[in-house]
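In: Requesting a structural model of the entry that follows:
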Amino acid sequence: MILSVIRYLIPTLLLLMSSAACAESKEKPTFTPDTVESMSLEELLKVVVPGNYNGKGIYQSPQNPITEDTINFAVLMPLGYFPNYSASMFAAADLAVERINESGGINGKKVAIIRADITHSRQSSVEFSRLLVENYNASAIFGPGSTEAVREVMENVSIPFKIPLVTTSASSMSLQSIDPDTLFWQLSANNKQQAEAMVRLLKQQGRYKRIALVSGRGIYGQELSYSIRNMLPNSSFLEFSHSSLMTLNINSVQDDISRIKLFKPDAIIFSIHSNLIEPYLKTFESHWKEKLPTLIAGDVLVKPQPNKKIAFPRIAQCLNLIVTGDSLSSNFEKELKKKLDLKNLEIETASLYDSVILMALAIEKQSNSGRPLKQIMHEITSGNSPFDGLNLNSARKSNKGLNSFHYIGASGRVKFDANGANDFAKINIEKYLYNSKSKCQ
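Out: Numbers count the residues shown, from 1 in each chain. Purely as a prediction, here's the structure:
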């Protein structure tokens with residue numbers, strides 16, 4: 001009887017030992033410069049859009065490859081669809097990592113960037129985030145861009161694996177309320193901050209009693225409208241919503257315009273999806289001959305390039321635009337162009353640079369003190385001691401031993417509240433046309 005049990009147990013034990021060995025080998029992937037394809041920033045710019053390039057690649061910098069000893073940060077970008085934008089963002093992350101490593105790394109260990117092409121989709125954002133955490137030991141994730149993709153990555157990767165997640169562009173307020181313990185930070189102005197900027201302008205002009213809201217049905221349009229209503233409880237509102245999943249219906253727009261004329265608003269705020277806003281304004285212009293009220297477009301429209309023909313010239317003269325972020329400082333732009341000579345660099349490059357710097361500082365302090373990362377991130381951005389993120393080496397030396405800083409970097413002042421929102425996120429309301437001097441009201 002005993003022998004038969006032993007005969008049964010031995011193969012079982014061998015099988016378990018073999019499985020454990022396999023599991024251990026999977027948990028410890030070998031990092032060499034050959035395990036991940038290297039692509040220079042110049043090569044990234046040459047990616048065909050979308051052409052034969054099917055995206056979904058993982059790349060590293062040939063100048064700063066991942067190894068067994070590096071601390072790896074994952075940066076997710078839609079390279080296959082927007083190579084110029086993605087390459088400029090990767091360049092900003094590379095520049096930040098160079099500054100970190102030149103000033104001592106994280107407790108002497110170098111930081112490396114793993115670049116992932118997420119092809120502008122929620123599914124690939126989650127797939128790559130999990131892959132980079134499980135197989136490439138990513139210690140933090142930067143990106144993706146949309147609120148929906150960030151939510152998916154947060155719920156499926158960041159929260160279960162306790163991995164820090166930073167976004168430089170997703171603006172939804174709901175992201176901060178998913179889980180109070182989530183290691184999550186937003187660099188850009190959130191939707192409530194954008195609504196506050198709009199309301200300030202309307203109050204300055206005394207044009208806030210009657211407001212028409214032309215909103216999208218997505219998170220951005222709904223949160224913006226909700227916030228504006230809450231901030232102006234005594235105002236009258238007329239609201240329309242349009243889905244980005246449907247082709248803009250001209251008859252529906254004409255109906256909107258007829259009702260808005262009867263409503264006689266002081267102001268009209270447009271927050272419909274970016275693929276609907278220009279055709280909507282074009283139709284609006286052709287059917288609105290009356291004096292224009294105050295017009296504000298949310299973060300769904302960008303300023304036109306010089307000499308570009310505009311489909312709604314009369315409205316364009318009067319349109320105000322939410323602009324998140326600030327112009328790049330000359331020093332930062334000069335340094336970035338040494339890495340990637342693009343004529344126009346994205347404003348978000350400054351935010352990504354600061355995100356990578358701050359994350360490295362916070363992880364080092366956490367490893368030395370054991371204090372919660374979210375608490376540390378709040379402390380190193382809300383103190384009194386000046387910390388110049390663009391001169392990292394001297395800043396780290398002068399602030400050595402301090403737990404709290406007054407951080408000023410490429411994007412300006414950064415201060416995270418307890419929920420991960422940036423209290424100093426840059427937001428302005430500017431004229432849609434650079435040279436507009438029209439009196440529209």
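In: okay, and the helix or strand of this structure with the least pLDDT?
Out: Least confident helix or strand of the chain, by mean pLDDT, DSSP states H and E, is helix 2-27 with a mean of 42.
In: for the following helix or strand past it, what is the average pLDDT?
Out: Using DSSP states H and E, the helix or strand that follows helix 2-27 in sequence is strand 37-38. The average pLDDT within strand 37-38 is 74.
In: before we move on, which element is Arg229 in?
Out: helix 219-231.
In: So which other helices or strands are in contact with the next helix or strand after that helix?
Out: With elements assigned by DSSP H and E, the helix or strand that comes after helix 219-231 is strand 236-242. Where contact means 3 or more CB pairs under 8 Å, 6 or more residues apart in numbering; DSSP states H and E, strand 236-242 is packed against strand 210-216, helix 219-231, helix 250-263. C-beta here means a position set from N, CA and C on the backbone, and glycine is covered the same way.
In: Convert strand 236-242 to PDB, retaining C-alpha atoms only.
Out: Provided in PDB are the C-alpha atoms of strand 236-242 (Å, rounded to 0.1, in the frame of the first residue of the first chain):
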ATOM      1  CA  SER A 236     -31.400  79.300 -17.500                       C
ATOM      2  CA  PHE A 237     -30.100  76.500 -19.800                       C
ATOM      3  CA  LEU A 238     -31.100  75.000 -23.100                       C
ATOM      4  CA  GLU A 239     -29.200  71.800 -24.000                       C
ATOM      5  CA  PHE A 240     -28.700  69.600 -27.000                       C
ATOM      6  CA  SER A 241     -26.600  66.400 -27.300                       C
ATOM      7  CA  HIS A 242     -25.100  64.700 -30.300                       C
END
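In: right, and Asn64 touches Arg115 too?
Out: No: counting by CB atoms under 8 Å, Asn64 stays clear of Arg115, with 11.1 Å between them.
In: Looking at the two, which is more packed in?
Out: Taking neighbours as other CB atoms under 10 Å, Asn64 and Arg115 compare with Arg115 leading, 26 against 17.
In: For that one, give the beta-bridge partners.
Out: Counting by DSSP bridges, Arg115 forms beta bridges with Tyr59, Val75.
In: Relative to Ser177, how far out is it?
Out: 30 Å (CB to CB, to the nearest Å).
In: And Asn320, by the same measure?
Out: Taken as CB to CB, the span from Asn320 to Ser177 is 29 Å.
In: Compare these two (neighbour count), which wins?
Out: Set side by side, Asn320 and Ser177 show more neighbours around Asn320, with 22 against 10, by other CB under 10 Å.
In: what residues are up against that one?
Out: Applying CB atoms under 8 Å, 6 or more residues apart in numbering, one finds that Asn320 lies in contact with 201, 294-297, 429-432.
In: which ones among those residues are found in helices?
Out: Among these, the ones falling in helices (DSSP state H) are Leu201.
In: Narrow the contacts of Asn320 to those in strands?
Out: Among the contacts of Asn320, DSSP state E puts 294-297, 429-431 in strands.
In: Average pLDDT for stretch 233-248, rounded please.
Out: Stretch 233-248 shows a mean pLDDT of 89.
In: Quick one: distance of that stretch to the chain centre.
Out: 25 Å (CA atoms, centre = their mean, to the nearest Å).
In: What residues sit buried inside it?
Out: For stretch 233-248, a neighbour-count test (16 or more other CB atoms under 10 Å) marks 235, 238, 240, 242, 248 as buried.
In: and the helix holding Arg229, C-alpha only, in CSV?
Out: C-alpha atoms of helix 219-231 as CSV (Å, rounded to 0.1, in the frame of the first residue of the first chain):
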residue,chain,number,x,y,z
ILE,A,219,-17.9,61.8,-20.8
TYR,A,220,-16.3,65.1,-21.8
GLY,A,221,-19.5,66.8,-22.9
GLN,A,222,-21.6,65.4,-20.1
GLU,A,223,-19.2,66.3,-17.3
LEU,A,224,-18.6,69.8,-18.7
SER,A,225,-22.4,70.5,-18.9
TYR,A,226,-23.0,69.1,-15.4
SER,A,227,-20.2,71.3,-13.9
ILE,A,228,-21.4,74.5,-15.7
ARG,A,229,-25.0,73.9,-14.5
ASN,A,230,-23.8,73.4,-10.9
MET,A,231,-21.6,76.5,-11.0
